[in-house]
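# build me a structure from this.
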Amino acid sequence: MTRRLNLTWLLAACLAALIAAGLVGEIVRQRAASAFAASVAADARLRQALLDSEIARFRLLPQTLADDRDVIAAADRKPGADRRLDTKLEAFAQQIGASAIYLVGEDGFAISASNWRRPDSFVGRDYRFRRYYRDALKHGDGAQFALGTVSHRPGLYLARKAAGDCVIVIKLDFDRIEAQWRTAGGETFVTNRDGVILVASRPEWRFAMTRPIAPARQKAIAGDIGTPGLTPTPYAIDGDGFLHRSGATARLLLATSAPNRDQWRVNLALPIRVAVTTPMRSAQAVAAILALVAVGALRWLAQRNRRRRERTALLETAVTERTAELRREMEERTALEQRAALLREELRLANRLATLGQVTASVAHETAQPVAAIRNYANSAGQLLDLGASAEVRENLTAIDRLAERIGVITAQLRGFARKAGTGETAVSLAEVLDGARLLMKERLAALTFETPAIPADLKVRGDKVRLEQILVNLLQNATEALAAQPDACITLAVATEGETLRLTVSDNGPGIAPEIADRLFTPFATSRAEGLGLGLVIAQDIAQEFGGSLRLAPSETGATFELQLRLA
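Numbers count the residues shown, from 1 in each chain. Got it, this is the predicted structure:
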């Protein structure tokens, strides 16, 4: 009886130990699973941060290249400029690891490309069908993830509008990032706002749907990407929320990051590394074995979490360093742009002062006549006053007042032209700009035929009056110097509007521009005159571009023709 009782107590104790071990094992499993889920979610956020920093680094490049002088020269179709830009883009793409960099002209065909040496070069190809090209023309910049029409490899196209309605484009591929994800293990893939996989550690998952999409929308997405169609979801999600790959038995825990500015999400699925046995199965094992397993599991989890923390720390350090590097680049670029703007304005002021030196003789001649007339009227008024002819004296004084007002207008125009221009832009009357330039150049223009159209007083453009006068004075001065030995010298101005743009052309019937100078006409210090500095046209073009316009040498049968485009106010 006693033996049976002891056996009963022993069995009860064993059963109690088994149940206790099973409960402890379940608690450990749940806590380990929760810690593992939090670790996977943190890893997904870090991979999202690294992906965003890589895209942000390349997003700055089209904006920088849009202001490059070689890009502007190629956009203006200057002879030889496209080949120089080819070489520059080729070297630049190799340095930064870009898949391709190319310039699309205003007609939609590529002018220059980094892969110009290859048989499948982008040069000469039509890109009008690309959404990023149309968005850049309409909004200033554009972005599109698509398959390459030549390479047939996917990538993110970042575009920026450049001079002359051209578009600079850089293609970023994700081969290196996908290879890193494959090495790290698990399944990593990026989905867009529609839930379509764009980038993945498994290339066969690209362009697969992660959720149902209407057929019409599927067709639109596939057309935008450039793929024949979207594929079904390559995995399944069970009732517990675990991911199962097709043809595999492993269960993976899925974590998804928050969307970035492009509505992209990074999805990370890692194999379950913690025990998932139920309390019933735990109760069937020996209590001692369960305890050893629990201790071993805790030790393994501690080591694994330590390794994961180390890897997380490395990723966080990489993100911090990349962010600091981008911040330094942006601060340096801002400082350089501010310094360049200051130097450009000082150079414009120096150009205006140099121009004043050349027009001083004309203005002195223009004011000499009114001064001489004032002296004559004053002497005559004194004699008439002695004779008592007060009416005639009053007429002389009125004439003197008109002549003094004329001298005041001329000197005020000189003072305004010599002052430093304002920093902003306003609505400026084109007629007033032309009158100011004509007043400064009056003596030189009087020696030739100067044809101008009737300009309405309400025709206004965006800009600054002094700076726009500086452009016209430079163009008119160059034309008068070119016509110095021309017997039938003539300068013609023409004005036309198209949409929101005003086009003003200055033409002369002189000898024209020499071919060896035409290619470098807007390059600093390029001039055919011994006394010239070669800065006038460079500064004039810079002023036009600052106000959203352009200045170029237009084709002409005789003489030289310059075309100035400005935005209508």
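# who does residue 235 bridge with?
With DSSP bridges as the criterion, the beta-bridge partners of residue 235 are residue 245.
# that one contacts residue 246, correct?
Yes - counting by Cβ atoms under 8 Å, residue 235 touches residue 246, with 6.6 Å between them. C-beta coordinates here come from the backbone N, C-alpha and C atoms, glycine included.
# more neighbours: which of the two?
For residue 235 against residue 246, the residue with the higher neighbour count under other Cβ atoms under 10 Å is residue 235, and the figures read 18 against 9.
# the more buried one and residue 269, how far apart?
According to Cβ to Cβ, to the nearest Å, residue 235 and residue 269 sit 8 Å apart.
# what sits in contact with each of those two?
Common contacts of residue 235 and residue 269 (Cβ atoms under 8 Å, 6 or more residues apart in numbering): 187, 243.
# tell me the contacts of residue 146?
130, 154-155, 157, 224-226.
# show me which positions of the helix or strand in which it is found end up buried.
Using DSSP states H and E, residue 146 sits in strand 141-147. By neighbour count on 16 or more other Cβ atoms under 10 Å, the buried set for strand 141-147 is 141-146.
# same question, stretch 208-225
For stretch 208-225, the buried set under the neighbour-count rule, 16+ other Cβ under 10 Å, comprises 208-210, 213, 218, 221, 225.
# residues in contact with it?
When contacts are taken as Cβ under 8 Å, 6+ apart, the neighbours of stretch 208-225 outside the stretch itself are 131, 144-147, 154, 191, 194-197, 207, 228-234, 267.
# the helix or strand harbouring residue 552 pairs with which strands, and in what direction?
Take DSSP H and E as the rule and residue 552 turns out to sit in strand 550-554. When pairing is defined by DSSP bridges, strand 550-554 lines up against strand 561-567 (antiparallel).
# in the strand it pairs with, which residues are buried?
Neighbour-count burial for strand 561-567, counted by 16+ other Cβ under 10 Å, picks out 561-566.
# need these in TSV (columns: pLDDT and distance to residue 504).
As requested, the buried residues of strand 561-567 are arranged in TSV below (pLDDT from 0 to 100; distance: Cβ to Cβ, whole Å):
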residue	pLDDT	distance to residue 504
561	95	11
562	95	9
563	96	8
564	96	5
565	95	8
566	95	7
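# quick one: which of those residues is nearest to residue 102?
Using Cβ to Cβ, residue 565 is the member of the buried residues of strand 561-567 that sits closest to residue 102, with 24.8 Å.
# tell me the contacts of that closest one?
Residue 565 is in contact with 501-504, 544, 549-551, counting by Cβ under 8 Å, 6+ apart.
# need those residues in CSV with neighbour count and distance to residue 122, can you?
Output for the contacts of residue 565, formatted as CSV (neighbours: other Cβ atoms under 10 Å; distance: Cβ to Cβ, whole Å):
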residue, neighbour count, distance to residue 122
501, 15, 29
502, 21, 34
503, 16, 31
504, 25, 35
544, 20, 30
549, 22, 29
550, 20, 25
551, 23, 29
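# tabulate the residues you listed (TSV), appending distance to residue 37.
Shown next, in TSV, are those (distance: Cβ to Cβ, whole Å):
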residue	distance to residue 37
501	58
502	63
503	64
504	67
544	59
549	58
550	58
551	62
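# looking at those residues, which is nearest residue 115?
Sorting the contacts of residue 565 by distance to residue 115 puts residue 550 at the head of the list, at 28.5 Å, by Cβ to Cβ.
# skip the chain neighbours and tell me the closest residue to the closest one.
residue 565 (4.8 Å; Cβ to Cβ, 6 or more residues apart in numbering).
# just list whatever residues bridge to the one you found.
Judged by DSSP bridges, the bridge partners of residue 565 are residue 503, residue 550.
# can you count the residues close to residue 263?
Residue 263 has 10 nearby residues by other Cβ under 10 Å.
# what of residue 61?
The local packing of residue 61 (other Cβ under 10 Å) involves 19 other residues.
# need the three-state assignment for it.
Residue 61 carries the three-state label helix when classified by DSSP: H, G, I helix; E, B strand; the rest coil.
# ok, it - contacts?
Listed by Cβ under 8 Å, 6+ apart, the contact set of residue 61 reads 96, 98, 101, 158, 170.
# same question, residue 545
Residues near residue 545 by Cβ under 8 Å, 6+ apart: 163, 551.
# where does it land on pLDDT?
The score at residue 545 is 91. That number is its pLDDT.
# now do the helices in the stretch 451-569 of the chain.
Taking DSSP state H, counting those that start in this stretch as the test, the helices found in the stretch 451-569 of the chain are 465-482, 515-518, 536-546.
# most tightly surrounded among those?
Comparing the helices of the stretch 451-569 of the chain by mean neighbour count (mean count of other Cβ atoms under 10 Å), helix 465-482 ranks first with a mean of 23.
# could you give me the average pLDDT of it?
Confidence for helix 465-482, expressed as mean pLDDT, is 88.
# now that helix - C-alpha only, CSV.
Once side chains and other backbone atoms are set aside, the C-alpha atoms of helix 465-482 remain, and they are given as CSV (Å, rounded to 0.1, in the frame of the first residue of the first chain):
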residue,chain,number,x,y,z
LYS,A,465,15.6,96.6,-65.3
VAL,A,466,19.3,97.3,-64.9
ARG,A,467,20.4,93.7,-65.7
LEU,A,468,18.2,93.5,-68.8
GLU,A,469,19.6,96.8,-70.0
GLN,A,470,23.1,95.4,-69.5
ILE,A,471,22.2,92.5,-71.9
LEU,A,472,20.9,94.9,-74.6
VAL,A,473,23.9,97.3,-74.2
ASN,A,474,26.3,94.4,-74.6
LEU,A,475,24.5,93.1,-77.7
LEU,A,476,24.2,96.6,-79.3
GLN,A,477,27.7,97.6,-78.5
ASN,A,478,29.1,94.4,-80.1
ALA,A,479,26.9,95.0,-83.2
THR,A,480,28.1,98.7,-83.5
GLU,A,481,31.8,97.6,-83.3
ALA,A,482,31.3,94.9,-85.9
